[in-house]
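[1] here you go, sequence then predicted model.
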Amino acid sequence: MQKILEKIKRIIPKKIFENAQPIYHYLLVLTGAIIYRFPSKKIYVTGITGTKGKSTTVEILNSIFEAAGYKTALSNTIRFKIGDKSIPNKYKMSMPGRFFMQKFLSDAVKENCSHAVVEITSEGSKQFRHKFIDLDSFIFTNLSPEHIESHGSYEKYRQAKLNIADNLKNKSKKNTIMIVNEEDIESELFLEKYADKKISFSLSDAKPFNIEKGIEMRYGKTTIYSKLQGEFNVYNILAAVKLADELGIGHEIIKKGVENLDEVKGRVQKVNVGQEFDVIIDYAHTPDSLEKLYKTFDNKKKVCVLGNTGGGRDTWKRPVMAKIANENCDHIILTNEDPYDEDPKKIINEMNEAIEKRADVIIDRRQAINSAIEKANKIGKDAVVLISGKGTDPYIMEENGKKIPWSDYDVAKEELEKIINK
């Protein structure tokens, strides 16, 4: 079926196909669900959406489920896991194509997994990838402008997220649960959606909390410690904890699950080869997430390496993110990220125009990372290198679909070792 539709796509005029795309995508997802026999009906599925925090919340909830003794499956921007087997997500898509998700859930059922935790994106929703994934529970983390050029407007982007919650309506699932961040401006719209039980959370549920070194927070009468950093991760922990609590998982097991998670790859991930300063890899690719990353290290001299998310998309973010770097960073290095078919120098110039202080422009991302580490090495223990934008992305995307294999973490580690071992 998919091969037939791909042939049709190549034959018919582009405008006609664009108008027929909703039918095309729906047929694909329906076909996948039929082929794999609607696997989501046979496993407890939690869907997680939002602009930020999705992958981290997936990882935290999965860790809690594992601590509770459940055999789990996990799908997010970072990796795919079924039982004890985990592979990195190299698709450059947080939620791969429709057949993939149905097969993933089918494989989880075959491996006797009892719980699946799935990141669901607005792009996935736009192309109906969330359809026929029957949810038992749903978590909404937050919403801020993103993928505007793809969706056409913020309102359409928001609606794509809201549509995901409709998967709770499926009659095959009973006692459905919705967990919503009540501090988000769009929380009421999500709480209007169907669920048998609706639960909201806010920072007050974690008070008192301390985020100076990792996270120390209270939940009920239990003190939870986490190696994750930043106030934004308090929200992510709360989202997972609220659902686990509602499912009857004891607070001591919840505590164990949270504390078992040492790091989330590509999310405020430390690179350490014995140097006295910090080097951090983070996926921050929206203005809000970039600012929150920088604020997490307000007590440090920040050496910031950044580009901008993807050529040919969300161009409005370029001056906005550049200004955030200007206001928060002690040293700024602008570099290549994912230019696609756009000139990377043009992207960087558009950012540089919004920066008042001096910024170094180093197109080669490895050289940019090396330069940042050199600067931090001269500053010493008070410095932090913040490498943002790619996280665990496995490629730098260039023109004509060319993919350059890449890892911010590996490159930063290699350059650190060169400099530290001089």
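    Thanks, I have it.

[2] what about the residue nearest to M95 when sequence neighbours are not counted, how many residues nearby?
    Distances taken as Cβ to Cβ, 6 or more residues apart in numbering put G124 closest to M95, at 3.6 Å, once the chain neighbours are dropped. C-beta coordinates here come from the backbone N, C-alpha and C atoms, glycine included. Neighbour count for G124, taken as other Cβ atoms under 10 Å: 26.

[3] please begin residue numbering at 703 from this point
    Okay, residue one is now 703; in that scheme the one you just asked about reads as G826.

[4] ok, and what's touching the host helix or strand of G826?
    According to DSSP states H and E, G826 maps onto helix 824-828. Residues outside helix 824-828 that contact it (Cβ atoms under 8 Å, 6 or more residues apart in numbering) are 751, 795-797, 832, 848-849, 852-853, 859, 862-863, 865-866.

[5] do stretch 735-744 as well
    801, 804-805, 807-808, 810-811, 818, 833-837, 874-875.

[6] what is the nearest of these to I982?
    A818 (30.2 Å; Cβ to Cβ).

[7] and for that closest one, the neighbour number?
    Neighbour tally, A818, other Cβ under 10 Å: 27.

[8] what residue ranges in the stretch 853-1002 of the chain score low on pLDDT?
    Judged by pLDDT under 70, the stretch 853-1002 of the chain has no weakly predicted residues.

[9] in it, which spans are helices?
    856-867, 889-893, 933-948, 953-962, 989-998 (DSSP state H, counting those that start in this stretch).

[10] buried residues, the one helix or strand V760 maps to. List them.
    In the assignment (DSSP H and E), V760 maps to helix 756-769. By neighbour count on 16 or more other Cβ atoms under 10 Å, the buried set for helix 756-769 is 756-769.

[11] and for stretch 863-870?
    If you call a residue buried by 16+ other Cβ under 10 Å, then stretch 863-870 has these buried ones: K863, L864, N865, I866, A867, N869, L870.

[12] got a list of contacts for it?
    749, 751-752, 822, 824, 827, 832-833, 835-837, 840, 842, 845, 878, 880, 891-892, 895-897.

[13] which of these are buried? Put it as a PyMOL command.
    Only the buried entries of the contacts of stretch 863-870 go into this PyMOL selection, using 16+ other Cβ under 10 Å:
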select buried, resi 749+751+752+822+824+827+832+833+835+836+837+840+842+845+878+880+891+892+895+897
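
[14] among the contacts of stretch 863-870, which are in strands?
    G749, T751, F840, F842, M880 (DSSP state E).

[15] can you pull the contacts of the closest residue in space to the last one that isn't next to it in sequence?
    The one in question is M880. Excluding the flanking residues, the one nearest M880 by Cβ to Cβ, 6+ apart is A897, at 3.7 Å. A897 makes contact with F840, A867, L870, T878, I879, M880 under the criterion Cβ under 8 Å, 6+ apart.

[16] domain map for this protein?
    Domains of the chain are assigned by automatic domain parsing as 738-962, 971-1122.

[17] which stretches of the stretch 1003-1124 of the chain have low pLDDT?
    Checking the stretch 1003-1124 of the chain against pLDDT under 70 turns up nothing.

[18] 80 - rerun?
    Scanning the stretch 1003-1124 of the chain for pLDDT under 80 picks out the ranges 1011-1012, 1014-1015, 1124.

[19] picking that back up, and the domains of the chain as JSON lines, adding distance to Y728?
    Formatted as JSON lines, the domains of the chain follow (distance: least, Cβ to Cβ, whole Å):
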{"stretch": "domain 738-962", "distance to Y728": "5"}
{"stretch": "domain 971-1122", "distance to Y728": "24"}
